[in-house]
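> sequence and predicted model, in that order:
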Amino acid sequence: MAQPARSTNKPQEKSCKTRGNTVQLIAEISGNLNAIGYGLAAIGPGIGIGILVGKALEGMARQPEVTGVLRTNMFLGIAFTEALALIGLVAGFLFV
């Protein structure tokens, strides 16, 4: 009678390779999600800066005598709004 073939460790090697490919795939997806996340995080500050500058220019056109004060406040607002975009960038690196 023929004896049954003994099992080898081939399936384990295959699963090991599959695990390596899975880890690589997850890393690639994670990197792509970080890029998408930062893109979404940059939309808010971009819209905010657009509104802020537009309203400051509108105020300067209506009352030219307060141009200096409005310009100072506009640049402060731009700095604070841009900080949100930088926080979004840093959060993308921290939560990987």
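Received the coordinates, thanks.
> going by C-alpha atoms from here, please, whenever you check contacts or count neighbours.
OK.
> what are the buried residues along stretch 50-61?
Across stretch 50-61, burial judged by 16 or more other CA atoms under 10 Å covers Leu52, Val53, Ala56, Leu57, Met60.
> what helices or strands is the host helix or strand of the fourth one leaning on?
Meaning Leu57. Using DSSP states H and E, Leu57 sits in helix 10-62. Contacts defined by 3 or more CA pairs under 8 Å, 6 or more residues apart in numbering; DSSP states H and E place helix 10-62 against helix 67-94.
> angle of the helix it packs on against helix 10-62?
180 degrees (axes from the mean of the first three to the mean of the last three CA atoms, to 10 degrees).
> got the contact list for the residue nearest the centre of the chain?
For the chain, the residue sitting closest to the mean C-alpha position, by CA atoms, centre = their mean, is Tyr38 at 1.7 Å. Tyr38 makes contacts with Gly88, Leu89, Gly92, as judged by CA atoms under 8 Å, 6 or more residues apart in numbering.
> would you mind measuring from it to Ala85?
8 Å (CA to CA, to the nearest Å).
> ok, now Ala79?
Applying CA to CA to Ala79 and Ala85 gives a distance of 10 Å.
> same thing with Thr67?
Counting by CA to CA - Thr67 and Ala85 are separated by 27 Å.
> compare those two (neighbour count), which wins?
Ala85 (20 against 16; other CA atoms under 10 Å).
> can I assume that one is in contact with Leu40?
No: counting by CA atoms under 8 Å, Ala85 does not reach Leu40; the two are 9.6 Å apart.
> from the chain's centroid, how far away is the helix or strand of the chain with the lowest mean pLDDT?
In the chain, no helix or strand scores lower on mean pLDDT, DSSP states H and E than helix 10-62, which sits at a mean of 77. Helix 10-62 sits 3 Å away from the centroid of its parent chain (CA atoms, centre = their mean, to the nearest Å).
> cheers, nothing more for now.
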